[in-house]
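> Let me see the structure of the following:
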Amino acid sequence: MRFVVLAALLFAAGAGASQRLVVLDFELIDELKLPGSEPDDARRLAAAGETLRARLAGCPGLEIVDAAPASDQIGRLRTQIAYLHRCNGCAADIGPAAAAEIVMFPWVQKVSNLILNVNAEARSARDDAVVTVRSVDMRGNTDRSWERAVAALARRLCEGLSVRPAG
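Just a heads-up that it's a prediction; the model follows:
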């Protein structure tokens, strides 16, 4: 029975029932704040966002939309709270402005230069309900470790998002 339900959901996702997803920029939680690390962090965060969007664009049943139309809402929210992924209800503000049904909040938590966590939470723009949450640990603060971690996160997110029927 589970197979039949899963097959029906996969068919619906692949049959043009796509959901519009806006992926916000990665945020960094860095308690260490090592001197000189800001340029590398900023570059890696930007690359991670591009990689995540590109990989999610290949997920069945998803259409990635640009966050630019919601930039006013995002900017206003950033002045009110430290991290968007911790906001309460802001998917309902951002999603409609970006013409998206799902809003994704990605962030990286730097525990040390050896241990980092790459996370993403997707919420419904309709009611701010959590659609999926995924996390990947990485070892080493290098370009290569970031690339691999974001690729793994995207695969897990795709699994969590592509089988959900629209609506």
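
> and the helix or strand harbouring residue 107, which strands flank it?
If you go by DSSP states H and E, residue 107 is part of strand 102-110. With DSSP bridges as the test, strand 102-110 is paired with strand 19-23 (parallel), strand 27-30 (parallel), strand 115-124 (antiparallel).

> which of those has the lowest average pLDDT?
Between these, the lowest average pLDDT goes to strand 27-30, which shows a mean of 92.

> Run the chain-centre distance for that strand.
14 Å (C-alpha atoms, centre = their mean, to the nearest Å).

> Quick one: residues in contact with it.
Outside of strand 27-30, the residues within contact range by C-beta atoms under 8 Å, 6 or more residues apart in numbering are 37, 41, 45, 83, 84, 85, 105, 106, 107, 108, 109, 110. Every C-beta, even on glycine, is put in place using the N, C-alpha and C of the backbone.

> at 7 Å what do you get?
Counting by C-beta atoms under 7 Å, 6 or more residues apart in numbering, strand 27-30 makes contact with 41, 45, 83, 84, 85, 107, 108, 109, 110, all of which sit outside it.

> Please spell out which residues along that strand are buried.
Across strand 27-30, burial judged by 16 or more other C-beta atoms under 10 Å covers 27, 28, 29.

> Next SSE downstream of the host helix or strand of residue 52?
Element membership of residue 52 [criterion: DSSP H and E] is helix 38-56. For helix 38-56, the following helix or strand on the C-terminal side (DSSP H and E) is strand 62-65.

> elements contacting that next one?
Strand 62-65 is packed against strand 19-23, helix 38-56, with contacts defined by 3 or more C-beta pairs under 7 Å, 6 or more residues apart in numbering; DSSP states H and E.

> most packed of these?
strand 19-23 (a mean of 23; mean count of other C-beta atoms under 10 Å).

> Any idea how far that one is from the middle of the chain?
With C-alpha atoms, centre = their mean, you get 9 Å for strand 19-23.

> gap between the closest residue to residue 124 other than its chain neighbours and residue 46?
Once flanking residues are discounted, residue 124 sits nearest to residue 131: 5.7 Å by C-beta to C-beta, 6 or more residues apart in numbering. For residue 131, the distance to residue 46 equals 25 Å [C-beta to C-beta, to the nearest Å].
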